[in-house]
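>>> Predicted coordinates and the sequence they were generated for:
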Amino acid sequence: MPKINVQINGKRYTTEKEVSILKFCQEIGVEIPTLCFHPDIKFHANCKLCVVEIEGWPRLNPACAIKLQEGMKIQTDTDRVHRTRRMILQYVFGEHVTDCKDCLRSNNCKLRKYAKQYKVEKPIFKPRKKNRPLYTCGNTITFDTRKCIECRNCIDVCRKQGIGFINLERKGYRSTVKPHDEPKNDCIYCGQCINHCPVGAIHSRKEFDCVMDEIKNKDKIVVCQIAPSIRVSIGEEFGIPHGQIMTGQLVAGVKKLGFDKVFDVQTGADFTTIEEAKEFVDRLQNNKILPMFTTCCPAWYKYVEQKHPELIPNCTTARSPNMMNGAIIKEYYSKLINVPREKICVVAVMPCTAKKFEVERRELDIDGVPPVDYVITTRELAHMMRLSRIDLSKINEENFDSPIGESTGASAIYGASGGVMESALRTAYFLATGKELKDVNFKQVRGSLKGIKRATVEIEGTELRVAVVNGLGNTEEIIAEIKQDPEAYHYIEVMTCPGGCIAGGGQPLPVNDEIRKKRAEALYQIDTKKKIRVAHQNPEVKKVYQDFFDKSPGLAHRILHTHYEPRSKSEVEMYTCPIMKKFTKKNSNL
Amino acid sequence: MDIIRKITKANLCGRGGAAFPTAKKWKMVKEAKGEKKYVIANGSEGEPGVFKDTYIVEKYPEKLIKGVLLAMEAVGAQNAYLYLRADLYEKHKKNLREIIQEKILRQAQNDTIKITVFREDGKYLNGEETTLLNSIERKRSEPRYKPPYPTECGLWGCPTLVNNVETFYQVAQIADDNYKNQRFYSISGKVQNEGVFELEVDLTVDQVLKKTKNYPERAFFVQTGGGAHGFIYTKDECKNALLQGAGALVVHDYQEDPLEILKFWTEFFLLRNCGQCIPCREGFYRINQLLKQDEIDYELIKEILYVMADASYCGLGQFAPEGYLDFIKKILKR
Ligand code: SF4
Ligand code: SF4
Ligand code: SF4
Ligand code: SF4
Ligand code: FES
């Protein structure tokens, strides 16, 4: 590699890296403001906030788009640069309705930070988009075109997810980013567009205010259940470094919010592992339909239903951990404490926006009672805590409540790409052989950066071919492979969000590859620190099977499994006044 | 002598406005690696005061096609496009196709060569070369980020030569040893003798006006560039100002309401920019708003224009402010 000599703000640097000016400046600690740039996608260079001066170049140039070149002399903070940045910020405030209350960016808003930094707190232009409409897709994802600055990040990530649901219509100052009209093209609610929008113009259904009302309701037992990946990400919302394990603090914070009980979805994940491994071993030993797909990810199985209904028989019928946990709370725990299930309200904290769609799937109800009543995202939970002045960086740890609080290492890793596969393999090995694995680690399926991970695993002489799809945009490749050769794989995991749930659509922002890696590493740490690392050895889970499921045959299948159906496009609602459209639970027992 | 050397000798520069040395561009495409290459004649002429390409397509279609064929041979392209503004396309497609048929049959021994007459599906901005590429690929009509330049990565990712219609005409002239160091000037506005004129290159504005019997009697000023883009010269400046670029001249007199001129430009750009980048999209939107006010804030408009010129993504936003700033300074004296 040839060396590149550059000067930045008068200081000399030598590097071998062929990177953009922006990336290099970030590495050496020179701050450059950005809006449209996100490392997950190719630069657009359309906001022009990141412009810098390069000696000898006639114009200002976007640092996100230009690569370092030998001899470049770059100035990042001259008057000329500031003049442009100030005007750009004025333009942005002129097209972005600053509706900051409950904005998902309100905790780390770049816009407000830059406004302060560049002294553009007083807007000079009237907001020009305040009469533009909002679009809500399937009651889950909302595009607030009043806030959009047309950076196009959402369009690109959605395409990268293999969906292409977001469209750019019209030209010039009239251009609008909005959901696709095409009847075959539908959103899967993964929320990746939300994570890549710099200005909070896309958000998921807000349910935290309903939850706050429920907590106040004295007639109800309000239970919170927390997904695996939340504990390694929520700290970020309170200024704690990436990849810190915050389990105890998180539980304490949730209790402080006033929830009656706090349960762990990791326990549910152990149930899922067991049910899924049983199904897999059954399919394998009795020559039933293979490959089997995991369905913990609701965005993925929605995709199957709308795009590949022919693969429905390949999907495991085991419910997601969230739904199993909810079912166990309402069916088993309610009996244990002798409270009618209608009096229990289950609130799930999820890393995922598609989970908000999952709770609306009525086929998951048990005798008309939904297993989970509300789904809030990690961001929503942190927002509630901030509103109640709870700071997780200053709180004493507490434990999950029993009897749904114990979990194994196998369940922790559900939050990372490859984790579901690994957990299931650990248990499937036991179910197929009656023996425990000597080494429970399946490192081939780990890693948050590779799009597809393929591995072969031996169970007692049978060679299993497995694949892990990391990011929905990579599934078509695998689907094409199995169409070519139906025996190519035995078992396939699909996670819609690149990296898995640790980088889901409801997680703290920003998200990038480095952060994905740190969050995933923290989950694997939890796994290695646990004494029990296989799902089928979870004592709480064993007890539920013994006391409950084993006593009434068919019950486990009824409340821990589900089915899928071909699906047509969900409704896209268009409206102009967001206040009129506060979310209300239509179909619940509440 | 091979054609590229001939062009080098003739010192021919692109006639679309940017005046890039033609031989250099051809060499770049010739030397670029790629299995497939393309040649495109840009006939999307969209500035209100430029109409010389229209004239050439009408009068000298054979020369145009000859130039394109020469380019294809020189750079090693099997495929070419005549990219024409919709009205030009409708009017001349039949004729052009006939000439192509005949020429290819006569000149080329193999039948793998193809020239497509293509109808522009957008407006104005499609004249920008990367927008034109997107438009042929049926993508959104808007510029691509450069680099990479079309010469290495153009149509469908292949090395592509994009030249203005007039450039190809002049190449044909060079090949026929007919090139007389001339160019086409489009003259319009407050003149007696509007039209297209073929005269020597590098004339001053005065010379062009006089040679075409267009020198106004009343006080006047001109815009070079094409009627939306382009510098403004006052009567005095016209003596020394060279008329280059696309060779267009729009003559104004002081009888016109200057605000109307500004509004005309603003509306023109507002409806034609792609909206991709903030400095241009928001800039024109705000200028349009500001011009509607009773008390016009020219300081703010100037600030908007500086930022637009300094930070826009493509030539539209980068060069549009030139005319405005000149106009505000020289005519409005602000
Ligand atoms: S992104 Fe959200 S928090 Fe930031 S200024 Fe806009 S509305 Fe306010
Ligand atoms: S939620 Fe996912 S599928 Fe839906 S628009 Fe956003 S990125 Fe696309
Ligand atoms: S919705 Fe957000 S991500 Fe999408 S274009 Fe608008 S500002 Fe960008
Ligand atoms: S400068 Fe104007 S026309 Fe060019 S890319 Fe930007 S918005 Fe589009
Ligand atoms: S961040 Fe570089 S142009 Fe937007």
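Received the coordinates, thanks. Residues are numbered from 1 along each chain as shown, chains lettered A, B, ... in the order given. Ligands and ions are numbered 1, 2, ... in the order given.

>>> quick one: low-confidence parts of the stretch 401-550 of chain A?
Applying pLDDT under 70 to the stretch 401-550 of chain A flags no residue at all.

>>> Quick check: the residue of it nearest chain B.
Across the stretch 401-550 of chain A, no residue is closer to chain B than A:Gly473, which sits at 19.8 Å (CB to the nearest CB). The C-beta positions use only the backbone N, C-alpha and C, and glycine is treated the same way.

>>> Now do the contacts for A:Leu35.
A:Leu35 sits next to A:Cys47, A:Leu49, A:Val92, A:Lys110, A:Leu111, A:Ile149, A:Cys151, A:Pro198, A:Val199 when contact means CB atoms under 8 Å, 6 or more residues apart in numbering or on different chains.

>>> Give me the secondary structure label for the first one.
Secondary structure state of A:Cys47, per DSSP: H, G, I helix; E, B strand; the rest coil, is coil.

>>> Need the pLDDT of it.
You'll see A:Cys47 listed with a pLDDT of 97.

>>> my read: it touches A:Glu150, true?
No - counting by CB atoms under 8 Å, A:Cys47 sits too far from A:Glu150 to count as a contact (9.1 Å).

>>> Now do stretch A:323-338: everything it contacts.
A:221, A:223, A:225, A:263-265, A:267-268, A:271-272, A:275, A:318-319, A:340-341, A:343-344, A:346, A:348, A:358, A:364, A:366, A:369-372, A:403-404, A:544, A:548, A:559-560, A:562.

>>> scratch that, stretch B:21-40
Residues from elsewhere that reach stretch B:21-40 (CB under 8 Å, 6+ apart): B:4-5, B:7-8, B:11-14, B:68, B:71-72, B:74-81, B:83, B:132-133, B:136, B:151-152, B:154-156, B:158-163, B:167, B:171.

>>> Buried residues, that stretch. List them.
Within stretch B:21-40, the residues scored as buried using 16 or more other CB atoms under 10 Å in any protein chain shown are B:22-23, B:25-30, B:32, B:34, B:37-40.

>>> Which members of these occur in helices, if any?
Under the assignment DSSP state H, the buried residues of stretch B:21-40 contribute B:Thr22, B:Ala23, B:Lys25, B:Trp26, B:Lys27, B:Met28, B:Val29, B:Lys30 to helices.

>>> Show me what residue of the stretch 101-250 of chain B gets nearest to ligand 4.
Taking CB to the nearest ligand atom, ligand 4 has its nearest neighbour within the stretch 101-250 of chain B at B:Pro143, 4.8 Å off.

>>> Now the phi/psi pair for that residue, please.
The phi/psi pair for B:Pro143 (degrees, to the nearest 10) reads phi -60, psi 150.

>>> Not counting sequence-adjacent ones, nearest residue to it?
With CB to CB, 6 or more residues apart in numbering or on different chains as the criterion, B:Pro143 has its nearest non-adjacent residue at 3.9 Å, and that residue is B:Cys314.

>>> my read: the one you found touches B:Gly127, true?
No - judged on CB under 8 Å, B:Cys314 makes no contact with B:Gly127 at a distance of 11.0 Å.

>>> Between these two, tell me which one has more neighbours.
Using other CB atoms under 10 Å in any protein chain shown as the criterion, B:Cys314 and B:Gly127 rank with B:Gly127 on top: 26 against 22.

>>> before we move on, back to that, tell me the contacts of the residue nearest to the residue of the stretch 401-550 of chain A closest to chain B when sequence neighbours are not counted?
Excluding the flanking residues, the one nearest A:Gly473 by CB to CB, 6+ apart is A:Gly162, at 4.2 Å. For A:Gly162, the contacting residues are A:Tyr303, A:Leu472, A:Gly473, A:Asn474, A:Thr475, A:Glu476, by CB under 8 Å, 6+ apart.

>>> which element is A:Tyr13 on?
strand A:11-15 (DSSP states H and E).

>>> Filter the contacts of stretch A:323-338 down to just the ones in helices.
Short answer: the contacts of stretch A:323-338 in helices (DSSP H) are A:Val265, A:Thr267, A:Gly268, A:Phe271, A:Thr272, A:Glu275, A:Glu358, A:Val544, A:Ile559, A:Leu560.

>>> Which parts of the helix or strand that contains A:Glu27 count as buried, going by neighbours?
For A:Glu27, the host element (DSSP H and E) is helix A:21-28. By neighbour count on 16+ other CB under 10 Å, the buried set for helix A:21-28 is A:Ile21, A:Leu22, A:Lys23, A:Phe24, A:Cys25, A:Gln26.

>>> tell me what the helix or strand following that helix is packed against?
Next along the chain after helix A:21-28, taking DSSP H and E as the criterion, comes strand A:51-54. Judged by 3 or more CB pairs under 8 Å, 6 or more residues apart in numbering or on different chains; DSSP states H and E, the packing partners of strand A:51-54 are strand A:61-62, strand A:73-75, helix A:79-95.

>>> Could you dump these into a markdown table and include mean neighbour count and distance to A:Arg174?
Below are the helices and strands packed on strand A:51-54 laid out as a markdown table (neighbours: other CB atoms under 10 Å in any protein chain shown; distance: least, CB to CB, whole Å):
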| stretch | mean neighbour count | distance to A:Arg174 |
| --- | --- | --- |
| strand A:61-62 | 24 | 24 |
| strand A:73-75 | 19 | 36 |
| helix A:79-95 | 21 | 12 |
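
>>> Tell me which residue in the stretch 301-450 of chain A sits closest to ligand 1.
For the stretch 301-450 of chain A, CB to the nearest ligand atom, closest residue to ligand 1: A:His383, 11.6 Å.

>>> how close does the nearest residue to that residue once chain neighbours are set aside sit to ligand 1?
Leaving aside its sequence neighbours, A:His383 sits nearest to A:Phe208 (CB to CB, 6+ apart; 6.2 Å). To ligand 1, A:Phe208 is 16 Å away according to CB to the nearest ligand atom, to the nearest Å.

>>> shouldn't A:Phe208 be in contact with A:Thr378?
No - between A:Phe208 and A:Thr378 there is no contact under CB under 8 Å: 11.4 Å.

>>> quick one, which of the two is more surrounded?
A:Thr378 (26 against 19).

>>> if I pick that one, what's in contact with it?
A:Thr378 neighbours (CB under 8 Å, 6+ apart): A:Ser229, A:Ile230, A:Ser233, A:Ile234, A:Glu237, A:Val349, A:Met350, A:Pro351, A:Gly506, A:Gln507, A:Pro508.

>>> Just give me the closest of those to chain B.
Proximity of the contacts of A:Thr378 to chain B (CB to the nearest CB) peaks at A:Pro508, which lies at 27.2 Å.

>>> So the residue lying closest to that closest one once chain neighbours are set aside, which state does it fall into?
Leaving aside its sequence neighbours, A:Pro508 sits nearest to A:Glu236 (CB to CB, 6+ apart; 4.3 Å). Using three-state DSSP, the structure places A:Glu236 in helix.

>>> Could you do A:Ile289 as well?
Classified using three-state DSSP, A:Ile289 is coil.

>>> So it is in contact with A:Pro313, correct?
Yes - using CB under 8 Å, A:Ile289 is in contact with A:Pro313, at 5.0 Å.

>>> Would you mind putting the contacts of A:Thr378 into JSON lines with neighbour count alongside?
Shown next, in JSON lines, are the contacts of A:Thr378 (neighbours: other CB atoms under 10 Å in any protein chain shown):
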{"residue": "A:Ser229", "neighbour count": "31"}
{"residue": "A:Ile230", "neighbour count": "28"}
{"residue": "A:Ser233", "neighbour count": "32"}
{"residue": "A:Ile234", "neighbour count": "28"}
{"residue": "A:Glu237", "neighbour count": "23"}
{"residue": "A:Val349", "neighbour count": "28"}
{"residue": "A:Met350", "neighbour count": "31"}
{"residue": "A:Pro351", "neighbour count": "28"}
{"residue": "A:Gly506", "neighbour count": "30"}
{"residue": "A:Gln507", "neighbour count": "33"}
{"residue": "A:Pro508", "neighbour count": "24"}
